[in-house]
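Undergrad: got a predicted model here, sequence first, then my questions.
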Amino acid sequence: MAREKSAKKQPFWLGGAAASMAVCFTHPLDQTKYRMQVLRSKESMLSTLYRFAARDGIPSLWSGLSASILRQATYSTARFGLYTSLSCQLQASGTKPSTVSTIACAGVAGGLAGMIGNPAEVVLVRMCADGAKPPAERFRYPNPIVALYRIGRDEGIKAFGRGMSANIVRSVLMNVSQIAPYTAAKRVILSHTSLEDDIRTHALASLVAGTVATTACAPADVLKSRIQSAAKGSTVMQVVRGGLRNEGPGFLMRGWTPAWLRLT
């Protein structure tokens, strides 16, 4: 009972703080994902990692980390907070949370968080993709605060909404495609194997959920990254037509491997 009371007192922003700390370790994978999505080459994850580490040094794999922390502090904190608030309101109404209502709460929270975190997402994509661009095309933002100021000054407030539709779709898919597959996988494991409801079952179910979520979100993630990394505005359809024409349908899965490793 004391443990339950203690758990209820934990503030939602601890989730955002944990996510911000986690990216300090996973940022090289994030950076590689964004560079693979922006580049038009078909290099593998390891080839991309090695090429830039050899050229710029291993510490360069953490360039853009400050933007990644800002993104987690806004997007992830909002995602956890909104989901907690929606779930609490659902329980306060006397309605017993079902799988459908849980997924609905996750989808709404993900979509709203995608809107809130979009400015930081624009900065993150640009700072991570900078090293993969020719020197003349780089933004060279020293930190996310300067980046926000320069984007607002040079491109206008509308630039912070660049790629927002793709980002919202990605955020909704990320939340929904983690909860539903996790629940289904856990149910199958418990009913068809000798495993019990312990850490092994949770890990296997999470692996399935992470794989489904990464695959479902990949196309929206690629489109978002390409729109946000461009100096000039592009529409989703322009990016889709250009990618299909020059690279084929496979471009929509670019960066899948580092994204899967990071999420897993």
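TA: Yep, that arrived.
Undergrad: Pro119 and Thr235, how far apart?
TA: Distance, Pro119 to Thr235, by Cβ to Cβ, to the nearest Å: 19 Å. (Each C-beta comes from the backbone N, C-alpha and C, glycine too.)
Undergrad: who has more neighbours, those two?
TA: Comparing Pro119 with Thr235 by other Cβ atoms under 10 Å, the one with more neighbours is Pro119, at 23 against 11.
Undergrad: how much space is there between the closest residue to Phe12 other than its chain neighbours and Ala106?
TA: Take Phe12 and drop its neighbours on the chain: the residue closest to it by Cβ to Cβ, 6 or more residues apart in numbering is Gly81, 4.3 Å away. Counting by Cβ to Cβ, the separation of Gly81 from Ala106 is 13 Å.
Undergrad: the two: which is more packed in?
TA: Higher neighbour count among Gly81 and Ala106: Ala106, with 24 against 19, using other Cβ under 10 Å.
Undergrad: what's the mean pLDDT across the helix or strand hosting the more buried one?
TA: In this structure, Ala106 sits in helix 99-116 according to DSSP states H and E. Averaging pLDDT along helix 99-116 yields 92.
Undergrad: repeat that for stretch 192-199.
TA: On average, stretch 192-199 scores 92.
Undergrad: just the buried positions in it, please.
TA: Neighbour counts over stretch 192-199 (16 or more other Cβ atoms under 10 Å) mark no residue as buried.
Undergrad: quick one: contacts of it?
TA: Contacts to stretch 192-199, defined as Cβ atoms under 8 Å, 6 or more residues apart in numbering, come from residues 186, 189-190, 201, 204.
Undergrad: one more time with 10 Å, if that's ok
TA: Stretch 192-199 has contacts (Cβ atoms under 10 Å, 6 or more residues apart in numbering) with 186, 189-190, 200-201, 204.
Undergrad: any of the residues you listed buried? List them.
TA: 186, 189, 201, 204.
Undergrad: and the residue most central in space within the chain, what does it touch?
TA: Geometric centre of the chain, nearest residue: Ser171, 7.2 Å, by Cα atoms, centre = their mean. The contact partners of Ser171, by Cβ under 10 Å, 6+ apart, come to 75, 78-79, 106-107, 109-118, 121, 217, 220, 224.
Undergrad: what do you get if the cut-off is 8 Å, keeping everything else the same?
TA: Listed by Cβ under 8 Å, 6+ apart, the contact partners of Ser171 are 75, 79, 110-111, 113-114, 117.
Undergrad: repeat for Phe25
TA: Phe25 neighbours (Cβ under 8 Å, 6+ apart): none.
Undergrad: and for Ala22?
TA: Gln72.
Undergrad: ok, then the element right after the helix or strand hosting it?
TA: Following DSSP H and E, one finds Ala22 within helix 13-38. Counting by DSSP H and E, the element after helix 13-38 in chain order, helix or strand, is helix 45-56.
Undergrad: which residues are in contact with the helix or strand just after that following helix?
TA: Downstream of helix 45-56, the next assigned helix or strand under DSSP H and E is helix 65-71. Helix 65-71 is contacted from outside by 20, 23-24, 27, 30, 117, 120-121, 123-124, 127-128, 141, 143-144, 147, using Cβ under 8 Å, 6+ apart.
Undergrad: give me the buried entries from these.
TA: 20, 23, 27, 30, 117, 120-121, 123-124, 127-128, 141, 144, 147.
Undergrad: among those residues, which one sits closest to Glu43?
TA: Cys128 (15.8 Å; Cβ to Cβ).
Undergrad: phi, psi of that closest one?
TA: The phi and psi values for Cys128, taken as degrees, to the nearest 10, are phi -80, psi -40.
Undergrad: who's in contact with Val240?
TA: Leu223.
Undergrad: numbering from 808 from now on, please.
TA: Sure thing, new numbering starts at 808, so read that last one as Val1047.
Undergrad: perfect, I'm done here.
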